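Undergrad: sequence and predicted structure, then a few things I'm wondering about:
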Amino acid sequence: MPKNDRPKRERTSHPGVYATPHPTRKNGIKPDLYFEITYRLDGKKKWEGLGWATKDNMTEGKAAIALAKLKESHKTGEGERTLKEKREKESAKAKSKKALELEEARKAITFSSFWDSHYWPLQSHKVKGSKEAETGLYNHWIKPVIGGKRFADIGEIDLQKIKSAMHKGGRAPASIKYAFSVVSQVWTLATGSGYVTAPCPTKSKNVRPPKFDNKRMRHLTPDEANLLLEGLKNRSPQSHDMALLSLYAGMRFGEIASLTWHDVDFERGIITIRNPKNKKNRAAYLNSHIREVLEPRAAQSGKGLVFKDENGERVGRISNVYRRVADELFNQGVTDHLQRVGFHTLRHTFASWLVEDGQNLYAVKELMGHSDFKMTQRYSHLAPDGLREVARSLEGKLEAKPVKLQVVNNAD
């Protein structure tokens with residue numbers, strides 16, 4: 001619309017109140033009106049808009065009242081001098097009220113409410129086994145004690161109750177530590193989201209998860225390994241191949257489940273293990289046994305994941321077939337979890353066999369991907385003969401013919 005054709009302000013029956021008709025929009029049968037007020041402030045004429053009759057429910061009378069309040073403020077020196085100041089003050093007040101309500105809501109949220117609405121929806125990236133483990137710990141041990149409590153009301157005594165209940169329930173120290181870790185993860189997210197400021201009770205020196213020796217010293221003999229592989233081969237070829245890869249390459253289950261054909265270099269005989277537990281990529285090496293199971297698979301697929309579940313996705317957990325075969329062969333009547341044969345036993349066996357064959361511990365460390373040499377030293381006892389020979393190398397050091405010393409008489 002040309003500037004000269006635009007509707008102009010029109011005086012109303014109230015001094016200082018003006019109305020501008022909309023060029024097309026109607027309010028009933030009449031044009032919609034935009035109301036403004038004008039007044040002098042500090043010697044200058046000022047215009048301020050109040051809104052439309054239709055959109056903002058503004059009327060000539062309401063505009064006149066707003067103008068009268070401003071003029072009163074100008075006389076008394078109290079209150080807002082302009083509509084802009086009034087709106088800014090009202091906006092700040094509304095924001096403050098909203099922030100206070102949000103703060104109260106955050107303080108009132110319970111551990112379970114935060115778990116459902118914030119924590120758990122963010123855990124989809126975790127593998128199926130981890131999610132099931134966390135859900136089990138939460139539902140059976142954590143939720144009954146602190147689920148209905150606000151974060152501010154959760155203290156050391158609650159963690160002690162979780163610890164005590166799990167201990168009485170026959171849970172292993174490692175499971176109690178895992179439960180504490182889950183609580184800590186939830187608490188960290190709540191802290192970062194502004195729901196809690198106090199430190200997590202699991203960090204208190206008075207609430208420590210039980211110490212335990214989690215070093216699995218059980219490893220398979222070659223005969224036991226053959227029995228296991230044979231039992232798996234007949235029931236689940238994929239479980240057999242995954243187990244063999246761990247046994248001969250020292251790979252963790254998660255590393256095998258994440259392995260892609262892009263990481264397998266048959267020409268160079270190398271498997272690249274990406275994003276392992278210690279975050280540092282490492283190499284594993286193909287031997288004839290590994291080639292025997294991977295090459296046929298590569299011929300069939302050769303793209304994407306090396307091992308897939310029934311839906312063509314990443315394998316989320318150790319198969320039930322593996323657990324059943326291991327239990328039938330080795331775990332009957334074994335109550336000590338460190339002596340039970342699990343999938344991780346295969347990786348432990350890989351390292352144990354290397355050390356028993358006299359391989360250097362530092363080389364074993366690199367093949368295992370240990371971040372700390374102390375983790376590899378647990379295998380040093382498996383090479384007693386080699387260490388004994390090192391110690392015996394000092395024999396005879398003091399059996400050489402003694403040297404006759406001459407005594408010098410200073411008096412001479």
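TA: Here it is on my side, so go on.

Undergrad: C-terminal to the longest helix along the chain, what's the next element?
TA: Determined from DSSP state H, the single longest helix within the chain is helix 83-108. Using DSSP states H and E, the helix or strand that follows helix 83-108 in sequence is helix 111-114.

Undergrad: show me the contact partners of that next one.
TA: Contacts with helix 111-114, where a contact means CB atoms under 8 Å, 6 or more residues apart in numbering, come from 142-143, 146-151, 154, 186, 189-190, 195. No exception for glycine: its C-beta is placed from N, CA and C like everyone else's.

Undergrad: what's the one helix or strand Arg25 maps to packed up against?
TA: Using DSSP H and E, Arg25 sits in strand 17-27. When contacts are defined as 3 or more CB pairs under 8 Å, 6 or more residues apart in numbering; DSSP states H and E, strand 17-27 sits against strand 10-11, strand 30-41, helix 60-76.

Undergrad: domain map for the chain?
TA: Split into domains by automatic domain parsing, the chain comes to 3-93, 111-203, 222-390.

Undergrad: what's near enough to touch Gly302?
TA: Contacts for Gly302 were tallied using CB under 8 Å, 6+ apart; they are Trp261.

Undergrad: correction: the previous question concerned Val182.
TA: Contact analysis of Val182 by CB under 8 Å, 6+ apart lists 134, 137-138, 142.

Undergrad: what residues of the helix or strand harbouring Val183 count as buried?
TA: For Val183, the element it lies in under DSSP H and E is helix 173-192. Neighbour-count burial for helix 173-192, with 16 or more other CB atoms under 10 Å as criterion, is recorded at 173, 175-180, 182-183, 186-187, 189-190.

Undergrad: so what's the gap between the helix or strand following it and the chain middle?
TA: Once helix 173-192 ends, the next helix or strand along the chain (criterion: DSSP H and E) is helix 222-235. Relative to its chain's centre, helix 222-235 lies at 36 Å (CA atoms, centre = their mean, to the nearest Å).

Undergrad: name the residues of helix 222-235 that are buried.
TA: For helix 222-235, a neighbour-count test (16+ other CB under 10 Å) marks 225, 228-229, 231-233 as buried.

Undergrad: where are the low-confidence patches of this structure?
TA: Scanning the chain for pLDDT under 70 picks out the ranges 1-5, 209-217, 380-412.

Undergrad: cutoff 80 now
TA: Applying pLDDT under 80 to the chain flags residues 1-6, 100-106, 127-128, 205-217, 277-279, 302, 337-338, 372-412.

Undergrad: out of the helices and strands packed on strand 17-27, which comes closest to Gly369?
TA: Gly369 lies closest, by CB to CB, to one member of these: strand 30-41, at 71.7 Å.

Undergrad: strand partners of that closest one, parallel vs antiparallel please.
TA: Paired neighbours of strand 30-41 in the sheet (DSSP bridges): strand 17-27 (antiparallel), strand 44-52 (antiparallel).

Undergrad: list the buried ones in the last one?
TA: Using 16+ other CB under 10 Å as the burial criterion, the residues of strand 44-52 that qualify are 48, 50, 52.

Undergrad: tell me the angle of the strand holding Arg25 relative to helix 60-76?
TA: Using axes from the mean of the first three to the mean of the last three CA atoms, to 10 degrees, the direction of strand 17-27 lies 150 degrees away from that of helix 60-76.

Undergrad: buried sites along the longest helix of the chain?
TA: For helix 83-108, the neighbour count (16+ other CB under 10 Å) marks 83, 86, 106 as buried.

Undergrad: could you work out the most separated pair of the buried residues of helix 222-235?
TA: The widest separation within these (CB to CB) is 12.3 Å, between Ala225 and Lys233.

Undergrad: quick one on the thing from earlier: kindly export the strand holding Arg25 (C-alpha atoms) in CSV.
TA: Extracted C-alpha coordinates of strand 17-27, given in CSV (Å, rounded to 0.1, in the frame of the first residue of the first chain):
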residue,chain,number,x,y,z
VAL,A,17,-5.9,8.6,23.0
TYR,A,18,-5.7,7.9,19.3
ALA,A,19,-7.0,5.0,17.1
THR,A,20,-5.7,3.8,13.7
PRO,A,21,-8.1,1.7,11.6
HIS,A,22,-6.9,-1.5,9.9
PRO,A,23,-7.1,-1.2,6.1
THR,A,24,-8.9,-4.5,5.7
ARG,A,25,-9.5,-6.4,9.0
LYS,A,26,-12.9,-5.8,10.7
ASN,A,27,-14.1,-5.8,14.3
